[in-house]
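1. After the sequence you'll find the predicted model.
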Amino acid sequence: MTGRGSGPRFFIDAALGTGANITLPERAARHAKVLRLSVGDHLVLFDGSGDEFPSEVRAARRGRIEVTVGAAQPGVAPSPLQLHLGMAILKRDAMNAAMQKATELGVAAITPIFTEYTDAPRGSADRRTTNWGGVLASAAEQCGRATLPELHDPQSFTSVLQTPADLRLMPHPGVATSIGDLPGNPSRVFALIGPEGGFSSVEVDAACDEGFETVSLGPRVLRADTVPAALGALLQARWGDLA
């Protein structure tokens, strides 16, 4: 069987076992077809457990891809920083991009949230949950993660203010405190990411009353879908696994 990391990577939403013969699910099979995988080609499967399974295509016909699962090997270790983002729900493309970059930067969990300026009805957000799961899986496949961020159901802004963490942050323009100014060595950080237009003054006050620290991400105003990448990079460089 193949060595670690040989071939394209596919997330399988089911427990994998060494020596099993499986049929790739529809999303993975479509991807395999685009890549023109054929019998004998190598690929890497992962199921979110933290292990990877170097595997081999045993049959490919009429869009059906059958694979023999290889021996489990440890995947890339998760970041020591457990970063949980409460992300205001954005328009489709912006939300997908924000979730993709958050996954690439090692975020441990994401909770979509409704804010005062969120431009998405609850029913629409609920229907998008399956799509968001696919975005996280694709991003993990691309960036080499062996786990996916935990995706929580959409919540109200007020409900996520009670989320436990060692440090709770709200990026906000115009404040003096930067990530580098924050003391301590937290292992769990929860951060609120606002919508286009930012949080309302009422929301900022409510978060501060619950002990959130407002922090600056620099002198420029960032788009809402850029903030998860910028914040994730700064926090992972300070307390996580970015050199």
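-> Thanks, I have it.

2. use CA for all of it now, contacts and neighbours both
-> Fine.

3. residues in contact with residue 50?
-> Counting by CA atoms under 8 Å, 6 or more residues apart in numbering, residue 50 touches 74, 75, 76, 77, 146, 147.

4. for the second one, what are its contacts?
-> Contacts for residue 75 were tallied using CA under 8 Å, 6+ apart; they are 50, 51, 52, 145, 146.

5. rewinding a little: want to throw the contacts of residue 50 into a markdown table with pLDDT, distance to residue 179 and secondary structure?
-> Rendered in a markdown table, the data for the contacts of residue 50 read as follows (pLDDT from 0 to 100; distance: CA to CA, whole Å; DSSP: H, G, I helix; E, B strand; the rest coil):
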| residue | pLDDT | distance to residue 179 | secondary structure |
| --- | --- | --- | --- |
| 74 | 96 | 32 | strand |
| 75 | 96 | 29 | coil |
| 76 | 94 | 26 | strand |
| 77 | 95 | 24 | coil |
| 146 | 97 | 28 | coil |
| 147 | 97 | 26 | coil |
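
6. which one is residue 119 nearest to, not counting chain neighbours?
-> If the residues on either side of it in the chain are set aside, residue 119 comes closest to residue 90, at 6.9 Å by CA to CA, 6 or more residues apart in numbering.

7. ok, now residue 186?
-> residue 166 (5.5 Å).

8. ok, now residue 25?
-> residue 12 (7.5 Å).

9. what's the spacing between that neighbour and residue 162?
-> 33 Å (CA to CA, to the nearest Å).

10. Have a look at these two and say which one is more surrounded.
-> More neighbours surround residue 12 than the other of residue 12 and residue 162, with 16 against 12 (other CA atoms under 10 Å).

11. Now do that one against residue 171, distance only.
-> Counting by CA to CA, the gap from residue 12 to residue 171 is 35 Å.
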